[in-house]
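Q: Dropping a prediction and its sequence here:
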Amino acid sequence: MLAICLLMPARLGAQGTVAASLSCSFVGTPLPTALEKIREMYSLDFYYKDEWFRNDTLTLSLDNVSAETMILRILEGRPYTYRIVNGSKIVILPKDLVAAASGQLTDYTGNGGSAKSSVVIGDPDRIGQQRTADVTGKVTDGKTGEPIIGATIQIENMLQGAVSGIDGAYRLTVNPGLYTLIYSCIGYESATYSVKVISDGAFNVELFDKSIAIEDVIIYGQRVDRNVTGHQMSLLELDNRMIKQLPVISGGKDVLKGLVMMPGVKSVGEFSSGINVRGGGEDQNLYIINQAPIFNTSHVFGLFSVVSPDMVDRLTLYKGHIPAIYGERVSSVIDIRTREAAPEKARLKGGIGLYDSKLMLELPLVGDKIFLALGGRTSYSNWLLSRMQDYDLKNSKAMFYDLNGTLNLNFGRNRLLLTLYTSYDDFEFADEIRYAYGSKVGSFNWTYTVNPDLASYFTLAYSTYGVEKDDIYDEINRNRITSGITYQALRYRMKYSGLNHHLLDAGFSLIRYGIQPGKQNPLGLRSLIQSSVVEPEQGMEGAFFINDEYTVSSYLTFNLGLRLSGMAYLGPGTVLSYDPSLPRDTSSVTDRTVYAANDVIKSYFGLEPRLSAKVQLNSASSVKLSYDRNLQYLSLISNSSVSTPGDIWKL
């Protein structure tokens, strides 16, 4: 620390302010020490609170300047201003308090600004420079750190507010001033904050679980509709707390089967995990796990869904208006996300059910920066069947397993997510017929926050599904039919919120399909079945989309989207015909036919406009409308009204 001051005698200016000729130098000097030294040598009295400058240092060199210039330089870059009283008394004050007292910040609280403390949002140096200010932030669970979906942010004494999205983010556009903000969500304690909005700024809030001690009470009713204040129609959101409240089905909770309790959703059949959404077919639903699709959603022909509830952090079902970011299917989108926030410590949880057991490990590797989650399920149906009295059941088998893992890396502006998932089923009935089928899914997601108004999202996705069907009743006619589909995708998306009342979202996607409709081979040396193959298919699907969420006022919101999509059918080619991880009979004859890829044989294009609007009537009700046009270039061919593992995908 170095402090040197050369001061000349003081003189009083014509208007009562101090003017002095001085030279001084401070290098890493604690600011209170520097002010005290100036007071001793120059007879200037400073009035301020010690805690304002307790950890502040001053590095400054001045030569032959006035005392007023010196004070300005000392306070430069700090959220304080000053007033000179009686020529030698310098009163230092926070800029926001001065702005409020002088009328630069309007008081919207209704309590005369009597709050004991306020949170300052924005840069105090920009007081009076903005007519409106954007308050952004995230609402998270104070215990787990996970984003809270559907939290309500209400401005007290005003008909204005916001609702947090799927990532917990919210945005308010207000005039600079004093406000009281109320943050609330079902199941959480409400939080109230007095804020001073000066300019654009961020304010993140944590909410904590609500605990109420009550007598035994039976409550009849429905949860409050969180979508009243949002423009999105027919939206269903389930977080991990709601998933835990789903009813037990077949000895355990099933996320996808739980959806059939929602309006507009119907089960495909009694023994199936597939769903029909507003009359659409099962193949018209897009199931995605961290942006990668799954083409088969059931274990044991529909007894269980392939999605373990332990791996799901939140699920979003779009069953009406589908945003322009989504394509590929025409009926609905089931967007499944895994946990993103790292737990404070390692957690291991599991369960034993009637038919299966499960285990899940969540492990923070480097604080809250790197987080690993591993989970899996397996069944012991074979053991149960072997103890049945019925001959056919005793000689049958039905087993499955699924494994999932995610690796989260959070480096401030960069968030990386690697997801891997695999499932396998083996079903055989009394030496008559056998199905073996499985999926492999992987995705890499990179989110980069350029600045508070701009973020980019990059995704690589891979998915494959393969099935083997064996007819094993008659040795002479024994055969195996294999079929499968592979999916490879690249997506890029950008969101920009820097324009007043507009939230822009644009991006593109490229998808490559490879389909093996069917290959038949003999099983065993006694089989007389001839090898045959249905010509495989390959194609490319691409899309570009742009979307604008336009908030006209607190009462009227529009969401305008346009998607241009197309499919290029490439004809036959070398594709994966089955999942190589599935067990194979070594005595089977393998067809070695190889197809050469052709040029584009046929192409299809179309526009998919999307529109939704919301008119807010009051805090409890709103009127909405939406219009969608969707295109789908992939269909499922089935031999029955209920989906089976042997159904064939077709471009």
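A: Arrived safely. Numbers count the residues shown, from 1 in each chain.
Q: Show me the strands in the stretch 451-600 of the chain, by range?
A: 454-471, 479-496, 502-522, 532-534, 537-551, 556-571 (DSSP state E, counting those that start in this stretch).
Q: Include mean neighbour count, distance to residue 396 and mean pLDDT when you put those into CSV, please.
A: The C-beta positions use only the backbone N, C-alpha and C, and glycine is treated the same way. Listed next are the strands of the stretch 451-600 of the chain as CSV, based on neighbours: other CB atoms under 10 Å; distance: least, CB to CB, whole Å; pLDDT from 0 to 100:
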stretch, mean neighbour count, distance to residue 396, mean pLDDT
strand 454-471, 20, 14, 94
strand 479-496, 20, 19, 94
strand 502-522, 19, 24, 93
strand 532-534, 15, 29, 91
strand 537-551, 19, 34, 94
strand 556-571, 19, 41, 92
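Q: Would you reformat these as a markdown table and include distance to residue 128?
A: Below are the strands of the stretch 451-600 of the chain laid out as a markdown table (distance: least, CB to CB, whole Å):
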| stretch | distance to residue 128 |
| --- | --- |
| strand 454-471 | 26 |
| strand 479-496 | 26 |
| strand 502-522 | 25 |
| strand 532-534 | 73 |
| strand 537-551 | 25 |
| strand 556-571 | 30 |
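Q: Go through those strands and name the closest to residue 607.
A: Among the strands of the stretch 451-600 of the chain, the nearest to residue 607 by CB to CB is strand 556-571 (5.9 Å).
Q: Give the pairing partners of the very next helix or strand once past that closest one; include direction for each.
A: Downstream of strand 556-571, the next assigned helix or strand under DSSP states H and E is strand 602-618. According to DSSP bridges, strand 602-618 forms sheet pairs with strand 556-571 (antiparallel), strand 621-628 (antiparallel).
Q: what mean pLDDT would you report for strand 602-618?
A: Averaged across strand 602-618, pLDDT comes to 91.
Q: For it, buried residues please.
A: Within strand 602-618, the residues that qualify as buried are 608, 610, 611, 612, 613, 614, 616, counting by 16 or more other CB atoms under 10 Å.
Q: Name the surrounding residues that touch the host helix or strand of residue 363.
A: According to DSSP H and E, residue 363 maps onto strand 356-366. If you take CB atoms under 8 Å, 6 or more residues apart in numbering as the criterion, strand 356-366 is touched by 251-252, 304, 308, 310-311, 339, 342-351, 370-380, 400.
Q: Give the next helix or strand downstream of that strand.
A: Next along from strand 356-366, by DSSP H and E: strand 370-379.
Q: report the angle between the axes of that next one and strand 356-366?
A: Counting by axes from the mean of the first three to the mean of the last three CA atoms, to 10 degrees, strand 370-379 lies at 170 degrees to strand 356-366.
Q: Show me what the helix or strand just after strand 370-379 is packed against.
A: As assigned by DSSP H and E, the chain's next helix or strand after strand 370-379 is helix 381-385. When contacts are defined as 3 or more CB pairs under 8 Å, 6 or more residues apart in numbering; DSSP states H and E, helix 381-385 packs onto strand 397-411.
Q: Counting by contacts, list what the strand it packs on packs against.
A: Using 3+ CB pairs under 8 Å, 6+ apart, strand 397-411 sits against strand 370-379, helix 381-385, strand 414-429.
Q: pLDDT (mean, whole number) over the first one?
A: Pointing back at strand 370-379 there. Strand 370-379 comes out at a mean pLDDT of 91.
Q: can you list the strands paired with strand 602-618 in a markdown table and add distance to residue 37?
A: Output for the strands paired with strand 602-618, formatted as a markdown table (distance: least, CB to CB, whole Å):
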| stretch | distance to residue 37 |
| --- | --- |
| strand 556-571 | 58 |
| strand 621-628 | 63 |
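Q: Ok, which of those strands comes nearest residue 45?
A: When those are compared by CB to CB, strand 556-571 sits nearest residue 45, at 55.3 Å.
Q: by how many degrees do that closest one and strand 502-522 diverge?
A: 30 degrees.
Q: quick one: strand 556-571 to strand 537-551, angle?
A: Going by the same axes, to 10 degrees, strand 556-571 makes 170 degrees with strand 537-551.
Q: I'd like the C-alpha coordinates of strand 556-571 written as PDB, please.
A: In PDB, the C-alpha atoms belonging to strand 556-571 read as follows (Å, rounded to 0.1, in the frame of the first residue of the first chain):
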ATOM      1  CA  LEU A 556     -52.400  -9.800 -25.300                       C
ATOM      2  CA  THR A 557     -49.700 -12.200 -26.600                       C
ATOM      3  CA  PHE A 558     -49.100 -13.700 -30.000                       C
ATOM      4  CA  ASN A 559     -46.800 -16.600 -30.900                       C
ATOM      5  CA  LEU A 560     -46.000 -16.700 -34.600                       C
ATOM      6  CA  GLY A 561     -44.000 -19.500 -36.100                       C
ATOM      7  CA  LEU A 562     -43.100 -20.900 -39.500                       C
ATOM      8  CA  ARG A 563     -41.400 -24.200 -40.300                       C
ATOM      9  CA  LEU A 564     -40.200 -25.200 -43.800                       C
ATOM     10  CA  SER A 565     -39.500 -28.900 -44.000                       C
ATOM     11  CA  GLY A 566     -38.700 -31.400 -46.700                       C
ATOM     12  CA  MET A 567     -37.800 -35.100 -47.300                       C
ATOM     13  CA  ALA A 568     -35.400 -36.400 -49.900                       C
ATOM     14  CA  TYR A 569     -36.000 -40.100 -50.600                       C
ATOM     15  CA  LEU A 570     -32.700 -41.700 -51.600                       C
ATOM     16  CA  GLY A 571     -33.900 -45.200 -52.400                       C
END
